[in-house]
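Asker: sequence first, predicted coordinates after that:
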Amino acid sequence: MKKFRPRRTMLYVPTHVERYMEKARTLDADSIIFDFQESVPPDHKETGRQLLRQELLKSTDYQHSELVVRINPLDSEWADDDLKAIADLDIDAVLLPHIESKDELLNAIETIDKSLHKKVDIMVNIASPLGVLHAEEICGASERLVAVIMGTTNLANGLKINQTPDRIGLLTSLSIVILAARAFKKCIIDGPHFDLKSVEACEFSCRQARDLGYDGKAVVHPIQLDYTNDAFTPKQADIAKARAIIDAIEKANQEGRSVAVIDDRLIEPSLREWAERVICLYNRVTELGQGELLGAVR
């Protein structure tokens, strides 16, 4: 059994703005992604590295948040300095942008392991049509890969589609990548919503991603955290249903049956995994229990 880590919200924080990193210490984000890449202009890359070192060497207290650093692409002029800057920092994971193949990921992991003083978890952005088409080989490339985060804006640009509130042009790609992620038991995160004024549109995309099966959503502004966390947190009705399923299956097993019945509906044994996952996530979020999940779903 592996410990389950919720990633309902993964907040991108530009590293060249000190007050953003300080503010992140107080926020209810499951993961903080300190960004060296897209949100940091070229002339501010070194400032971002210095400020991140200053912040994390001072203290790594970001409450319950997982600490992730997104570096620049390894073939860019900034990557070597990015890796030097984080080599001795106490972080949980490195996020690789714009990964498009198995070989690219494996080579990146090898480079990171040579540069850092400890082995950390690896995450990737899938943000291009080629990345989507290669999602299966990327997700199956290494046990070190723990999470895939969609780059939906870059993906939409690559697909040459207009982004609409229902995101219909992205649904095929979102579905392909979640199939690959689930096949290899990887955490899968939807891309961010950039229209900060439209709460309704952001809430819709959160619930759409949840109903597609995504674990959480990338966030670009703290104002989005409350309703994004809420969208991916099990409700009391979900917990009651999950507990009823577990109780019914256990009773059926005691009576020599593999299938239970609740309100005239057949409950197959496979639903127990869903029920345990819901309870586990709820426990971890509300700190009601240890929250270890049977089935090792990350």
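Answerer: That came through, no problem.

Asker: got the end-to-end distance for stretch 30-41?
Answerer: 26 Å (Cα to Cα, to the nearest Å).

Asker: so how far is stretch 213-228 off the chain centroid?
Answerer: The chain centroid and the centroid of stretch 213-228 are separated by 10 Å under Cα atoms, centre = their mean, to the nearest Å.

Asker: repeat that for stretch 273-281.
Answerer: The answer for stretch 273-281 is 18 Å, by Cα atoms, centre = their mean.

Asker: OK, contacts around Ala183?
Answerer: 136, 139-140 (Cβ atoms under 8 Å, 6 or more residues apart in numbering). Bear in mind the C-beta positions are built from the backbone N, C-alpha and C, glycine included.

Asker: go on, Arg243?
Answerer: Neighbours of Arg243 in contact, by Cβ under 8 Å, 6+ apart: 275, 279.

Asker: SS state for it?
Answerer: Secondary structure, DSSP: H, G, I helix; E, B strand; the rest coil: Arg243 is helix.

Asker: let's see if you can find the most crowded of the contacts of Ala183.
Answerer: Counting neighbours by other Cβ atoms under 10 Å, Cys139 leads the contacts of Ala183 with 25 neighbours.

Asker: so it makes contact with Cys187?
Answerer: No - assessed by Cβ atoms under 8 Å, Cys139 is found out of contact with Cys187, at 10.5 Å.

Asker: who touches both of the two?
Answerer: 148, 181.

Asker: tell me what the residue most central in space within the chain is bridged to.
Answerer: Centroid-nearest residue in the chain: Ile189, 4.1 Å away (criterion: Cα atoms, centre = their mean). Beta bridges link Ile189 to Ile149, Gly216, judged by DSSP bridges.

Asker: does it touch Tyr214 like I think?
Answerer: Yes - contact status for Ile189 versus Tyr214: in contact at 6.4 Å, counting by Cβ under 8 Å.
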